[in-house]
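Colleague: structure for the following, please:
(chains A and B)
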Amino acid sequence: MNRNAKGLTSFDELPSVDPAVESLLGQGQRRQVEAHLPRTERSRKKKERERAEKRKPHRINLDLPVDLKKRLEHLAKKEGVPISQLVAFLLYEPVYQLESRAISLWGYKIASGCPKFECNLDLKRRADEVSRES
Amino acid sequence: MHTTLAILNQKGGVGKTTTAVTLATGLARNGYRVLLVDLDTQGNVADCLGLSHGDDLRRLLSPDLRCPLQQAVTPTGVARLDVIRSDKSTTALKQTLAGVTMREYVLADVLEEAPYDVILLDCAPSADLLHFAALVAADYLLIPTRLDKLAVNGVRDALQTLAALKRISHCQVAGILPTFYERVTLESHEQLIHLARTFGRLVLPPIPQDTQCRVATRYGKTLWDYAPNAKALNGYEQGNRRVGGYLQVLERVKEWL
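Modeller: From the prediction side, this is the model:
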């Protein structure tokens, strides 16, 4: 069997596979790599992983427009706060407004080619409007 | 119009019957009308569902008996799930069918007008006549395999059998299902990589090794009833999601229907 220097087969050159299989293989490989680390390093990695897993249920990845991300980073640095907390702080009001229908997404929705979502939001239009209003 | 799925591997003990029963029950619970056909003389499908063994298959297929499908099926107690049971009489059935012309079509013919959404064929671990009949009757083939060398060889044999029948079978390989997956052993990891490298997207999310499967069988209950939180059903926890397990495989199977 083809084994690399770390003592296990690499799955880097796999053809396209089911995401669940890829995820399990990734986890398996990480475990095997960690098994070869010194005891202190292994324990540190384990603690890091446990901490990360505790955070995960509340975590989401956001695809932000580049300029918005830069502005948020700049603001977070200026205020000396974590960027995730800054985003959460800024979101409370518009989320409440959207829930109570004080604002709506009408006019910003455009058809999506993705089978997962019906629509996308026209973020460029939103950015232009906000900059004009302010 | 129904979809027929054959669950087959010429290697024994790879989880064919557990897979067939769990998927059949899962589909029935999801609203599909399901018929599960046991083609194995051991009659383990009946054991897994807490039923007694019966000669339903012989009564259905034997040329001298040929009872209608609706009289041959046995209700399982699970809503929308019926079963065609098997027992030692299936051995005699195979001998009888050996002298019949067009015997490879015998199963396809009786199931043609079956009033179900999905038909699952649980095959025996041997390349016999019913094995070929299942491949002729099936639209899709699901190959469960343990993650060891011998069982993976069984996948190759199943594919060779299917290739040999290509003139009379329209069956397509839908998936290869790794069973008894142990994420902490290097051998499981290596064999899963080997499968993924060879078969790519055909490899389905693996089913974790779980003692609950055996215990559920002992009590004649399905995993959904006996251990709904079992690892084999729900997969491994990875952060805030679950990976592998029959629940995830069921979602893939529903895409084929």
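
Colleague: okay, strands next: where are they in the stretch 151-257 of chain B?
Modeller: Secondary structure of the stretch 151-257 of chain B (DSSP state E, counting those that start in this stretch): strands at B:172-179, B:236-238, B:241-243.

Colleague: Serialize the ones you listed to a markdown table and add fields for mean neighbour count.
Modeller: Any C-beta I mention is one placed from the backbone N, CA and C, and that applies to glycine too. Converted to a markdown table, the strands of the stretch 151-257 of chain B look like this (neighbours: other CB atoms under 10 Å in any protein chain shown):
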| stretch | mean neighbour count |
| --- | --- |
| strand B:172-179 | 22 |
| strand B:236-238 | 16 |
| strand B:241-243 | 17 |
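
Colleague: between these, which one is closest to chain A.
Modeller: Of all those, the one in closest proximity to chain A, counting by CB to the nearest CB, is strand B:241-243 (4.9 Å).

Colleague: show residues contacting the closest one.
Modeller: Here strand B:241-243 makes contact (CB atoms under 8 Å, 6 or more residues apart in numbering or on different chains) with A:20, A:23-24, A:27, B:205, B:234-236, B:248.

Colleague: what of stretch A:119-133?
Modeller: With CB under 8 Å, 6+ apart as the test, stretch A:119-133 has contacts from A:65, A:67-68, A:105, A:107-112, A:114.

Colleague: CA atoms of it as CSV?
Modeller: Provided in CSV are the C-alpha atoms of stretch A:119-133 (Å, rounded to 0.1, in the frame of the first residue of the first chain):
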residue,chain,number,x,y,z
CYS,A,119,-32.9,34.5,-4.5
ASN,A,120,-29.7,36.5,-3.9
LEU,A,121,-29.6,40.0,-2.5
ASP,A,122,-28.3,42.9,-4.6
LEU,A,123,-25.7,44.1,-2.1
LYS,A,124,-24.2,46.6,-4.5
ARG,A,125,-27.5,48.4,-4.7
ARG,A,126,-27.8,48.4,-0.9
ALA,A,127,-24.3,49.8,-0.6
ASP,A,128,-24.9,52.6,-3.1
GLU,A,129,-28.2,53.6,-1.4
VAL,A,130,-26.7,53.7,2.0
SER,A,131,-23.7,55.8,0.8
ARG,A,132,-26.2,58.2,-0.9
GLU,A,133,-28.4,58.4,2.2
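
Colleague: all strands of chain A, in order?
Modeller: A:109-111, A:119-121 (DSSP state E).

Colleague: deepest-packed of those strands, please.
Modeller: Ranked by mean neighbour count, the strands of chain A are led by strand A:119-121 with a mean of 13 (mean count of other CB atoms under 10 Å in any protein chain shown).

Colleague: centre of the chain to stretch A:23-40, how far?
Modeller: 23 Å (CA atoms, centre = their mean, to the nearest Å).

Colleague: please spell out which residues along it are buried.
Modeller: Going by neighbour count (16 or more other CB atoms under 10 Å in any protein chain shown), the buried part of stretch A:23-40 is A:23-25, A:28-29, A:32.

Colleague: chain B next: which of the residues you listed are close?
Modeller: Among these, the residues within reach of chain B (CB under 8 Å from any CB of the partner chain) are A:23-25, A:28-29, A:32.

Colleague: just the residues you listed now: which is nearest A:Arg55?
Modeller: Within those, the smallest distance to A:Arg55 is 18.2 Å, found for A:Ser23 (CB to CB).

Colleague: so the closest one makes contact with B:Tyr236?
Modeller: No: contact criterion CB atoms under 8 Å: A:Ser23 and B:Tyr236 do not qualify, at 9.3 Å.

Colleague: got the contact list for the nearest residue in space to B:Ala72 that is not next to it in sequence?
Modeller: In space, and not counting its chain neighbours, B:Ala72 is closest to B:Leu60: 4.0 Å by CB to CB, 6 or more residues apart in numbering or on different chains. By CB under 8 Å, 6+ apart, the contact list for B:Leu60 reads B:66-67, B:69, B:72, B:84, B:110.

Colleague: repeat for B:Arg183
Modeller: If a contact means CB under 8 Å, 6+ apart, then B:Arg183 has A:24, A:27-28, A:31, B:189, B:208, B:236 as its contacts.

Colleague: list the contacts of A:Glu34.
Modeller: When contacts are counted by CB under 8 Å, 6+ apart, A:Glu34 touches A:42, A:45-46.

Colleague: nearest to A:Leu75 among those?
Modeller: A:Lys45 (33.1 Å).

Colleague: pLDDT at the closest one, what is it?
Modeller: The score at A:Lys45 is 85. That number is its pLDDT.

Colleague: can I assume it is in contact with A:Leu37?
Modeller: Yes: with contact defined as CB under 8 Å, A:Lys45 reaches A:Leu37; the gap is 6.8 Å.

Colleague: and the contacts of B:Arg183, which two are furthest apart?
Modeller: Farthest pair in the contacts of B:Arg183 (CB to CB) is A:Arg31 and B:Pro208. Separation: 14.7 Å.

Colleague: ok, what's across the strand from B:Val118?
Modeller: Under the criterion DSSP bridges, B:Val118 forms beta bridges with B:Thr3, B:Val34.

Colleague: number of residues surrounding B:Gly220?
Modeller: Neighbourhood size, B:Gly220 [other CB atoms under 10 Å in any protein chain shown]: 15.
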